[in-house]
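Asks: Quick one: sequence and predicted model below, then my questions.
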Amino acid sequence: MNLYFAYGSNLHQIRLESRLGEADFLGKGKLHSSEIHFHKLGGDGSGKATVQSSSDPQNVVWGAVYDLSKSQENLLDKYESLGAGYHKTQIEIEMKNGGKVPCFNYEGMREYVDYTSLPFHWYKKLVVLGSLHLKFPDKYVEFLKSIQSEKDSNPKRVATNQRLIKLMEEKNVDSHIK
C-alpha cells in the first residue's frame, strides 16, 4: 500500500483522478501539529499549498487519504515537481475512527518558499471544493476561503481548471465519502 495524504489541490477525487486515473479513497484524516500555507512557489509563479510543522498539537491540516499504485505515486512525483519544488515526507495521519496510518505527502522545499506568493483563484477553488466535498470542519473551510488569491493571466490554464471545477461542483458531495 502506498498511502498518500492529499491536503491541497488533490483533495477532491475528481482532481486526483484527472491526473492519475482511478484512485482508492480510504477516508479523510488529519495531520496534527501542522498548518497549511500557500507560499510554496509553483512553476507558474503562483503560491501552492504546503504544510509546516507547528509546536501546537491543536493545529491540524485536514486531508484525504488515497491508496495509490507505485506507478500512480511515480506519476504524482512528476506532477508535484519532486526534488524541484516539493520533497516527499513520511507522516502519520489520524483517520476518522481515531486509528493512525502511515502516509506520504509533499511539502514545499525551503528554497521554493516565497511568503509573498499567492495562489491563483482557480487553485484556491480546487482546495476549497475538496474541503467542502470531504465535509471538513466549518472553521477549517472558512479559513481556506479566507486565503487571499490572485487572477491567473494564462487563459488556457484558467479554462482547463474551470472545466475541472465545474465537474467538481456538479458532483454529488456524498458519493465518495466514507
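Replies: Received the coordinates, thanks. Numbering: from 1, shown residues only.

Asks: how about the helices of this protein, start to end?
Replies: 13-20, 70-79, 121-133, 138-146, 155-170 (DSSP state H).

Asks: most neighbours per residue, which of those helices?
Replies: helix 121-133 (a mean of 22; mean count of other Cβ atoms under 10 Å). All C-beta spots, glycine's among them, are computed from the backbone N, C-alpha and C.

Asks: other SSEs contacting that one?
Replies: Contacts defined by 3 or more Cβ pairs under 8 Å, 6 or more residues apart in numbering; DSSP states H and E place helix 121-133 against helix 13-20, strand 47-53, helix 138-146, helix 155-170.

Asks: Which of the helices of the chain sits closest to residue 63?
Replies: helix 121-133 (8.8 Å; Cβ to Cβ).

Asks: Just the CA trace of the closest one, in PDB.
Replies: Provided in PDB are the C-alpha atoms of helix 121-133 (Å, rounded to 0.1, in the frame of the first residue of the first chain):
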ATOM      1  CA  HIS A 121      -8.200  31.900  -7.800                       C
ATOM      2  CA  TRP A 122      -8.800  28.600  -9.500                       C
ATOM      3  CA  TYR A 123      -6.200  26.800  -7.300                       C
ATOM      4  CA  LYS A 124      -7.800  28.100  -4.200                       C
ATOM      5  CA  LYS A 125     -11.200  27.000  -5.500                       C
ATOM      6  CA  LEU A 126      -9.900  23.400  -6.000                       C
ATOM      7  CA  VAL A 127      -8.800  23.300  -2.400                       C
ATOM      8  CA  VAL A 128     -12.000  24.800  -1.100                       C
ATOM      9  CA  LEU A 129     -14.200  22.500  -3.200                       C
ATOM     10  CA  GLY A 130     -12.200  19.500  -2.000                       C
ATOM     11  CA  SER A 131     -12.600  20.500   1.600                       C
ATOM     12  CA  LEU A 132     -16.400  21.000   1.100                       C
ATOM     13  CA  HIS A 133     -16.700  17.700  -0.600                       C
END
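
Asks: Fine by me, we can end here.
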